[in-house]
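# sequence below, structure please.
(chains A, B and C)
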Amino acid sequence: MSLTSLDPRISRLGLPDSPLLPPDKPELDQFETYEVFHQKKEGTAYAYVGPVHAPSLEVAFLFGKEQYSRRFACTGLWVTPTSAVQVTAYGDDAGSVYDTLSGGQNEPTEAPLSESAEEQAAYAAGEEDYDIFHLKKRGKAHMHVGKVHASSHAMALQQAKAVFGDQRPVVNVWVIRSADILRSDEEDRDIWSTTPEKKYRDALAYKVQDKIERFKAENPENAPQA
Amino acid sequence: MYGSASTHDIPASATTGLENEDPILLAEFEARIARGEKIEPRDWMPALYRKQLIRMIEQHAHSEIIGSLPEGTWITRAPGFRRKMAQMAKVQDEVGHAQLLYSAAETLGKTREQMLSDLINGKSKYSNVFNYPAFTWADSNVISWLIDAGAIVNQMANAKGSYGPYCRALERICAEESFHLKYGHDAVVHLATGTPIQRRMIQEALNRWWPPIMTFFGPSDKMSVHTEILMRWKVKMASNDHCRQQFLDMYVPKIWELGLTVPDAKLRKNEDGVWEFTEPDWEDFKRVINGDGPCNAERLAVRRAAEENGAWVRRALLSPKAKYVKPLA
Amino acid sequence: MNTDALKDLLYRLADDQLILGHRNSEWNGLGPILEEDIAFSSMAQDKLGHSLQLYTLLHQLGEAEPDTVAFTRNAPQFHCAQLVELPIGEYDFSLIRHFLYDHAEILRFEALSHSSYEPLAQVARKLKGELKYHTLHANTWIKQLGSSTEEAIERLQNSLNYTLPYALGLFEKTAAEDDVISEGIFVGEDEIRARWQENITKLLSQTALNLPDLTTLTPVYGGRFGEHTEYLQPLLDEMAEVFRVDPTAEW
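The predicted structure is shown next:
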């Protein structure tokens, strides 16, 4: 006997009527995570929207696009492996975490997990771009503030302090090597062009007050009981 | 879509473990919350805070993924383009909310796979209302409107809580749920003001769903040491009774104005502005939440099947080099 | 303009999108990864939206309202290819169908964006970005899974072999073919099929999957003329179930 459901889709799955308890899911099902940033409209800063689980950066982009930009206007998307982000300590809402940076070799930050010794050596050979993100208030989202040019994450953070350190408040800073970010192409912006037309998933498209008023006028006996 | 906060099932005798925490760190942590600042994943936090948040956010996430099933029952049968597409978008949103919430819980140190594993093995709970069936299209509409309405009352309260990642997830969820609520209301109004067959359908669905709705926010809170601490830490934001009263205040008049009846002869608002109602059958609630409801077995069987049927995809794509790092925020 | 030929084309396009969008919505909540569940649902919604726009064009040409056309016809009145009616099966089949179908779909609408029938050209131009995402999604998945484990490659290969004759059925010609070409409404099935074959060959060559010699396969035809598999009528009955609860009502 297979399980018969009120849901015809479920009935078609042909599930056993009395299922056995499955074993625990193996650990290996756990994909890496990626962090997603979006741009709400042309010319505005990219903002952090959340993570996705994915088997690769390309798939993370596909997933991030639907999970984080299907419902509201969007003009661009950035995706990066979580392991590529260097995170500083968190400060208070009032101050700047840059003030707590020693400025020397002993940073209170960790190098991102993805950075191997070889990679570090390679970066040191030449400078490249790093993207800097600030968290202005706890509970809000990290925002892109700009790029710096440096030869390591630690150097990039020092550069960021020099360039953006006068901003207040700065609760937390993320440093990402620009090459580690997959960015939507300018020419692919049309993947979002119809989002505003999808009214069926927009609260504003559902207006019932007229219908209710008409019903009440036609059925005065239904006046509220309370 | 999630109702009752998960604190009521902690035995009042359980220890808080606070005596083992560093008093200076604890004081700083409490001062931060008292200042109205959010806690972020890398901050120091008491073990009890972490444990309760994982439990609460995980249950909320499970409620979204299981909650997609009752309305999913009607996804292939929604009448007309507009409702068909909206029903798809709504069920999709519930899955999306689960994704957001699992991510928020992950920042506290429990992996998504472990949470899903606990769900399909029956080790963790989800909102009890989803153990009831959606017999007709009208049932699906009642869920879209009133269960989501209840969830919003709860989520708006939780969005003012102290944990940053949960607040960020809830902000997005609440924005998306405003569509659910309007869509559900529209669908219910449409049936209530439609043909006699449609009106009967919606009244019958409301009759079926009212008792589960009344249990949605959970039993009255027992004030315990735990409850007090969790409220101080802004983990638990509003009492179950407060949420239930707020829900009744907002939605009973909207039901009545459609000429629909609520199947509770005692339901009324007294002079003090407090709603009186027949006490829900909490024994039955316990029986269902412990596995003996009309749909518990099916809901879990479906989740298990989804996990099993998708396992080859995940096996194929998992890189042996992949090293899991919990999401940042 | 030959309106009958135009309508024939629009029905084929719209019915394909409606039925496949409906089928793919069955995955919602049951997908292999939460994020993929969300992405697949979006594409199903898009297909429904495309069919609605096409039925709206038909309505402007004198056909019934979109809801009536979509929810009240029976199988013999449908012009979809049989490919889109098949049950969702396992995820390998649904992905292969998505890949084969969406590659044809994007070429069709690209060509239609130059249609001499301006309302159709407008609809086609508007969909460009959505279809770009759909094919990007299909390509990424087929490339990744198609070069992964033996298990996955075998599943995809079997699904590919099974699905190809149905996919070739997408290019079945109707009596309207010569007219839609000569009037510049559409480039015609032969041209789309040739480009489709080129594109899927190119993509599959980057995987461990083998594309069989298409000339040895017998396309599954009939769908464009109302001949369907045993799966279509039950699908339509299910889709119209609530509608039929009270046929006098508006839903």
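# which element follows the lowest-mean-pLDDT helix or strand in chain A toward the C-terminus?
Lowest mean confidence among the helices and strands of chain A (mean pLDDT, DSSP states H and E): helix A:117-125, at a mean of 64. Per DSSP states H and E, the first helix or strand lying C-terminal to helix A:117-125 is strand A:128-135.
# which elements pack onto that following strand?
Counting contacts by 3 or more CB pairs under 8 Å, 6 or more residues apart in numbering or on different chains; DSSP states H and E, strand A:128-135 is packed against strand A:143-150, helix A:153-164, strand A:172-177. Every residue, glycine included, has its C-beta placed from N, CA and C.
# ranking those by burial, who's on top?
Counting by mean count of other CB atoms under 10 Å in any protein chain shown, strand A:172-177 has the highest mean neighbour count of the helices and strands packed on strand A:128-135, with a mean of 24.
# which residue, other than its chain neighbours, is closest to residue 70?
Assuming you mean chain A. The spatially closest residue to residue A:70, leaving aside those adjacent along the chain, is residue C:42, at 5.5 Å (CB to CB, 6 or more residues apart in numbering or on different chains).
# correction: the question concerned chain C.
Residue C:70 sits nearest to residue C:18 (CB to CB, 6+ apart), 5.7 Å away.
# assumed that neighbour was part of a strand.
No - the assignment for residue C:18, made by DSSP: H, G, I helix; E, B strand; the rest coil, is helix rather than a strand.
# what's the neighbour count on it?
Residue C:18: 27 surrounding residues under other CB atoms under 10 Å in any protein chain shown.
# thought it was touching residue C:47?
Yes - judged on CB atoms under 8 Å, residue C:18 makes contact with residue C:47 at a distance of 7.4 Å.
# residues of stretch B:284-297 that come out buried?
Within stretch B:284-297, the residues that count as buried by 16 or more other CB atoms under 10 Å in any protein chain shown are B:285, B:288, B:289, B:293, B:295, B:296, B:297.
# give the contact list for the closest residue in space to the fifth one that isn't next to it in sequence.
Using CB to CB, 6+ apart and skipping the chain neighbours, the partner closest in space to residue B:295 is residue B:131 (4.9 Å). Each residue near residue B:131 by CB atoms under 8 Å, 6 or more residues apart in numbering or on different chains is listed here: B:288, B:289, B:293, B:294, B:295, B:296, B:299.
# just to revisit the earlier point, check contacts around the residue nearest to residue C:70.
With CB under 8 Å, 6+ apart, residue C:18 has these contacts: C:47, C:48, C:51, C:55, C:70, C:80.
# which ones are touching the closest residue to chain B within the stretch 1-150 of chain C?
As assessed by CB to the nearest CB, chain B sits closest to residue C:32 within the stretch 1-150 of chain C, at 2.6 Å. Listed by CB under 8 Å, 6+ apart, the contact partners of residue C:32 are B:306, B:309, B:310, B:311, B:313, B:314, C:91.
# and those, which are buried?
Here, 16+ other CB under 10 Å leaves B:306, B:310, B:313, B:314, C:91 buried among those.
# shouldn't the third one be within a helix?
Yes - the assignment for residue B:313 (three-state DSSP) places it in a helix.
# for chain C, which segments count as helices?
Shown for chain C, the helices assigned by DSSP state H span residues C:3-25, C:34-60, C:66-72, C:91-112, C:118-126, C:128-145, C:150-168, C:177-182, C:189-204, C:232-239.
# turn those into JSON lines, columns for mean pLDDT and distance to residue C:251.
Formatted as JSON lines, the helices of chain C follow (pLDDT from 0 to 100; distance: least, CB to CB, whole Å):
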{"stretch": "helix C:3-25", "mean pLDDT": "98", "distance to residue C:251": "16"}
{"stretch": "helix C:34-60", "mean pLDDT": "98", "distance to residue C:251": "15"}
{"stretch": "helix C:66-72", "mean pLDDT": "96", "distance to residue C:251": "8"}
{"stretch": "helix C:91-112", "mean pLDDT": "98", "distance to residue C:251": "28"}
{"stretch": "helix C:118-126", "mean pLDDT": "98", "distance to residue C:251": "25"}
{"stretch": "helix C:128-145", "mean pLDDT": "97", "distance to residue C:251": "27"}
{"stretch": "helix C:150-168", "mean pLDDT": "98", "distance to residue C:251": "32"}
{"stretch": "helix C:177-182", "mean pLDDT": "97", "distance to residue C:251": "34"}
{"stretch": "helix C:189-204", "mean pLDDT": "98", "distance to residue C:251": "36"}
{"stretch": "helix C:232-239", "mean pLDDT": "98", "distance to residue C:251": "12"}
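# relative to residue C:249, which of these is closest?
Among the helices of chain C, helix C:66-72 comes nearest to residue C:249, with 12.0 Å by CB to CB.
# chain C contacts on chain A?
A:8-9, A:12-13, A:31, A:52-56, A:58-59, A:62-63, A:65-67, A:70, A:188-194, A:198 (CB under 8 Å from any CB of the partner chain).
# repeat the analysis, applying 6 Å as the threshold.
Counting by CB under 6 Å from any CB of the partner chain, chain A comes close to chain C at A:8-9, A:52, A:58, A:62-63, A:66-67, A:70, A:190-191, A:193-194.
# list phi and psi for residue C:114.
phi -110, psi 10 (degrees, to the nearest 10).
# distance check, it against residue A:62.
Separation of residue C:114 from residue A:62 (CB to CB, to the nearest Å): 29 Å.
# residues in contact with stretch A:142-160?
A:45-48, A:86, A:107, A:111, A:123-124, A:127, A:129-135, A:163-164, A:174-175 (CB atoms under 6 Å, 6 or more residues apart in numbering or on different chains).
# so for the helix or strand bottoming out on mean pLDDT in chain B, what gets flagged as buried?
Here the helix or strand of chain B ranked lowest by mean pLDDT, DSSP H and E is helix B:225-232, holding a mean of 87. Neighbour-count burial for helix B:225-232 flags B:226, B:227, B:229, B:230, B:231 (criterion: 16+ other CB under 10 Å).
# can you lay out the buried residues of stretch B:284-297 as CSV showing distance to residue B:139 and pLDDT?
CSV is the format used below for these (distance: CB to CB, whole Å; pLDDT from 0 to 100):
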residue, distance to residue B:139, pLDDT
B:285, 19, 93
B:288, 17, 92
B:289, 20, 90
B:293, 15, 92
B:295, 12, 94
B:296, 17, 93
B:297, 19, 92
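# in JSON lines, list these along with distance to residue B:183 and secondary structure.
Shown next, in JSON lines, are the buried residues of stretch B:284-297 (distance: CB to CB, whole Å; DSSP: H, G, I helix; E, B strand; the rest coil):
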{"residue": "B:285", "distance to residue B:183": "28", "secondary structure": "helix"}
{"residue": "B:288", "distance to residue B:183": "27", "secondary structure": "helix"}
{"residue": "B:289", "distance to residue B:183": "28", "secondary structure": "helix"}
{"residue": "B:293", "distance to residue B:183": "26", "secondary structure": "coil"}
{"residue": "B:295", "distance to residue B:183": "23", "secondary structure": "coil"}
{"residue": "B:296", "distance to residue B:183": "27", "secondary structure": "helix"}
{"residue": "B:297", "distance to residue B:183": "30", "secondary structure": "helix"}
